[in-house]
Each structure stands twice: as C-alpha cells, then as structure tokens.
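Participant: sequence plus the predicted model coming up.
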Amino acid sequence: MKNKILQDYYIGKHKILDEVKKDSTAPNNKLVNNMAKYITDTATSYFVGKPVVYNSQDDEFLQIMQDIFDYNDEQDHNMELAKQCSICGSCFEMLYMDEDAKVRFAKIPAEAGIMICETDSGFSAPMAFIRTVISKDRDNNVIKKVEFWNAYMVMHFKSINGGYLNLESVEDHYWQDVPFVEYINNEERQGDFEGVVSEIDAYNKVQSNTANYFQYNDDAILKVLKLGDVSSQDIKDMKEKGAIILDDGGDVQWLLKQVDDTAMENFKNRLREDIHTLYHVPHLCDESFGGNLSGVAIAYKLWGLEQLCAMKERKFKKGLQRRIELITNILNIKGGHYDYKDITPKFRRNKPENNLELTQIATQLSGLLSSESRLQTPPWVGNVHDEMEKLEEEKNKDVDEFGTYENFAKAFESQQNGMAAGMAAEGVDESERTE
C-alpha cells in the first residue's frame, strides 16, 4: 500500500484530487504542485545522470563486462533502478539468461519480491528470493504466480482466484547464487519525498484555496441597497449600460472575501522552503543559481544534495558489486577465471561545472597523477578506459608519421649528397651549379 501511494504521488495523483467541499456551490479548484516528482527527478539525475564508469586492471575482463552492460542498456537501467529507489525506497533486479545464452537483467518492483537473508554471521547474505506476479487470463480469472529461488533451483507455484498455491514445476539454474539483487535508498528503505508528503499536501491545499478565493471574487454577488422597485431585467440593463439610479442613501457593493495576500504568500514560501530543506533538494530555479559561479560556490549550494547522494551511493554501489559478482559466476562457469573484485564502479555527479577550472586542475596535476587519474577529472570524459586507448592510438600514429617523415628527410639528404658528389666528379664549380 505504501509503495502504491508513493507511486501515485510521483505521477501526480495527490490527496487534493479527492477534496470535497461541503458547499457544492463553492469553488473547488484542485491544483497539484508535483514537488514529489521534482524531488525524485532532481535527486536521481544528480546521482546517476552521468553514467557509472568502471575501472579494472584486467582489460579483457573489463571489456567483457562492458559488452554485457551495453547489451542490457545498463545506463538507462541504472537510472530506472535509482528512480524507483528514490520513489519507494528500494527495488530488486533479476538476472537471467536469454535464448542466446547471454546475461540479461530486469527491474523488479519492491512490492513484487521478498529477499530472504542469512544474518547470523553479521553479513546479510541472500539465501532465497520470493517473486510474485499477478495477472488476469482471458476469462478474467486472477492468476497468481509465485517463484521461490535459492542458489541452485527455482520452484514455480500457481493459484487461481485466490485459491491454494500449487507446485507447478522445479527447475535448476546455474548462477551458484540467488540471482537477484536488492537496491536500497537508505537503511530504512524510505523514498526521497516520503517524509514530506504532508507538506506537499498542505502546499497543494493552500494553492488550491488561493485559486478558490480568486474564483469566488470573480463570481461575487452584487449587493444593491435602496435601488427601488426593480426587476432582474432592470439590473441586467444597468450592468450593460454601466449606470444605476439609486434612492437616497442607496449603495452598490460586491460581496467579496478579504484575503491577506502577504500572509498567504509567506505561508506558501515557508512550506516550499521546508520541503527543500528537509529533503536536501534545492530550488534550482532560484536566482542565486544564476551567473558564472565557481566550483566552490556551486558545491556550497548543492552541499545538502551531495550528502543525500553520498548515502545513496554507498547503498547503490553494493547492488552494482553484487550484480558484477553474479555475472562473474556465469563467466567462470563458461571457462573464465575472473575475480569480481577486480572491477570497481565509480559514480560521478551530474552537476553544473566550471569546465575551465576543471581543465586547469587536470593540467596542473600532470606529473603528480597518472594520465588515467587525470582523465577522471573532466566530466565530459565518459569512459576513461576508451580514452586511454585513443590516446595510445594517437601516440602510435604520431610515432609512425614521424618515422615516415624522418625516412623521407634522410632519403632527400642522401639524394642531394649524391648529386653534389656527381657534379664534383665532372668538375662543375659549386657557384656555377647554383647559377
């Protein structure tokens, strides 16, 4: 139920949409300010908007792993996993083999799975996983399929219309581990906006009430005092002609609601500020983010978001390492001799950068750090390993071209010396040869 509510808030189905007024004639605007989506999209894009890169001393192993990642469109897959964690606090990933015996992985919603772990040793090692899939057949029967996975086999159960689960089949698998990964947003498995849902509701309400006030006053009732004996048609004619004749002491007024605009705007600003402060996602449209800010100034403004993503990174990295471990198991079964620990993921923040400043820093580190380490500084370098290979190719090309030039220069010099020697043998004076 919790996950369903959080998913609804992300897509804009907020509590305000169910608001009912006691007075059916009163304005009932229902404005949704989807700050839940803003928080999740901003935090997720900042966290993994730049793809995760991987480093390893084993180039062959890294290339094989990268090919598997590319086959699964891993960059987009990671983004969806991180977004799901931001919304609901956790999600799962299933690894399997396709018809071509290639490794594939797919996202499993948090509500569709249960990870059973062994914790006596102090390490939460997965022991089994229960996956549930609910659907309907052509006859509108509710079909519930349950899979029980351990390190060696999977058991398939099925029920119809809420009946008993019946064992359908038992199959072996070759992962040598439970082929599921859990990704969590934090230890409490809490979404990024879960703690400010009440503030979001309050903001929606005050915004809707503001619209109600304006609509009420737009449709205000005209109060006329001492107009005399007139009909509704007389009042209509007066409105069209813009003139009213009143008896002595008569008056015309609109029945308006008095609105304290200043207090209302202060309240809305306070709510918005609390939402941004409590969940560390800044208001990026704020004027203070404009201009050519230095890297230090940007870092201060994004400090809260950086702390949030630092916690996310520690949890998400565990999931990526387990994914690599499961894939390595399959590669070793196929004859490889790899160690999953040889590959390490590196996260990069998708934040505004002062590119000139970063370039100067990378240049100044020449002689202090390796080229590979310095290439990790600029944010526009997507794959450091590929960039190193390109640099090596350019270096070899320059050497080859220089060798060709050097041979040409030697051949030209030899030809000139030969001509001079021939002319000297014929007794031709150097000055005459020049003329």
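Facilitator: It's in. Residues are numbered from 1 along each chain as shown.
Participant: name the residues of stretch 184-193 that are buried.
Facilitator: Ile184, Asn185, Asn186, Arg189, Gln190, Gly191, Asp192, Phe193 (16 or more other C-beta atoms under 10 Å). (Each C-beta comes from the backbone N, C-alpha and C, glycine too.)
Participant: gap between the second one and Gly89?
Facilitator: Look at Asn185 and Gly89: by C-beta to C-beta, to the nearest Å, they are 5 Å apart.
Participant: as a whole number, average confidence for stretch 54-61?
Facilitator: Stretch 54-61 shows a mean pLDDT of 91 in the predicted model.
Participant: now do stretch 39-50
Facilitator: 91.
Participant: what does it contact?
Facilitator: Stretch 39-50 has contacts (C-beta atoms under 8 Å, 6 or more residues apart in numbering) with 10, 78-79, 82-83, 86-87, 191-193, 196, 275, 279, 281, 284, 302, 305, 308-309, 312-313, 316, 347-351, 379.
Participant: run the last query once more with 6 Å
Facilitator: 10, 78-79, 82-83, 86-87, 192-193, 279, 281, 305, 309, 312, 348, 350 (C-beta atoms under 6 Å, 6 or more residues apart in numbering).
Participant: and what of stretch 96-103?
Facilitator: Counting by C-beta under 6 Å, 6+ apart, Ile68, Arg104, Ile327, Ile330 sit against stretch 96-103.
Participant: end to end on it, go ahead and measure it.
Facilitator: 6 Å (C-alpha to C-alpha, to the nearest Å).
Participant: could you list the buried residues of that stretch?
Facilitator: Under 16+ other C-beta under 10 Å, the buried positions of stretch 96-103 are Val103.
Participant: swap in stretch 202-210?
Facilitator: Buried-residue list, stretch 202-210, by 16+ other C-beta under 10 Å: Ala202, Tyr203, Asn204, Lys205, Val206, Gln207, Ser208, Thr210.
Participant: tell me which of these fall in strands.
Facilitator: Among these, none falls in strands (DSSP state E).
Participant: any idea which of the residues you listed is closest to Ser169?
Facilitator: Of all the buried residues of stretch 202-210, Asn204 has the smallest distance to Ser169: 49.2 Å, by C-beta to C-beta.
Participant: surely that closest one and Lys15 touch.
Facilitator: No: contact criterion C-beta atoms under 6 Å: Asn204 and Lys15 do not qualify, at 7.4 Å.
Participant: could you pull out the helices for the stretch 1-150 of the chain?
Facilitator: Using DSSP state H, counting those that start in this stretch, the helices of the stretch 1-150 of the chain run over residues 2-11, 35-48, 59-71, 74-88.
Participant: out of the contacts of stretch 96-103, which are buried?
Facilitator: Buried among these by 16+ other C-beta under 10 Å: Ile68, Ile327, Ile330.
Participant: make JSON lines from those and add distance to Val178 and pLDDT to it.
Facilitator: Shown next, in JSON lines, are the buried ones among the contacts of stretch 96-103 (distance: C-beta to C-beta, whole Å; pLDDT from 0 to 100):
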{"residue": "Ile68", "distance to Val178": "19", "pLDDT": "95"}
{"residue": "Ile327", "distance to Val178": "14", "pLDDT": "95"}
{"residue": "Ile330", "distance to Val178": "14", "pLDDT": "94"}
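Participant: just these now: which is nearest Glu389?
Facilitator: Of the buried ones among the contacts of stretch 96-103, the one sitting nearest to Glu389 (C-beta to C-beta) turns out to be Ile68, at 19.0 Å.
Participant: setting aside sequence neighbours, what's the nearest residue to the closest one?
Facilitator: Val103 (5.2 Å; C-beta to C-beta, 6 or more residues apart in numbering).
Participant: how close does that neighbour get to Ala82?
Facilitator: 21 Å.
Participant: low pLDDT regions in the stretch 301-435 of the chain?
Facilitator: For the stretch 301-435 of the chain, applying pLDDT under 70 flags the ranges 352-358, 362, 365, 367-369, 371-385, 398-435.
Participant: quick one, helices of it?
Facilitator: In the stretch 301-435 of the chain, the helices defined using DSSP H, counting those that start in this stretch lie at 303-333, 355-364, 371-375, 384-425, 430-434.
Participant: got it, and the stretch 151-300 of the chain?
Facilitator: Under DSSP H, counting those that start in this stretch, the stretch 151-300 of the chain gives helices at 197-218, 232-241, 261-278, 295-301.
Participant: I'd like to know which elements the longest strand that the chain contains is packed against.
Facilitator: As assigned by DSSP E, the longest strand anywhere in the chain is strand 125-136. Contacts defined by 3 or more C-beta pairs under 6 Å, 6 or more residues apart in numbering; DSSP states H and E place strand 125-136 against strand 113-118, strand 142-149.
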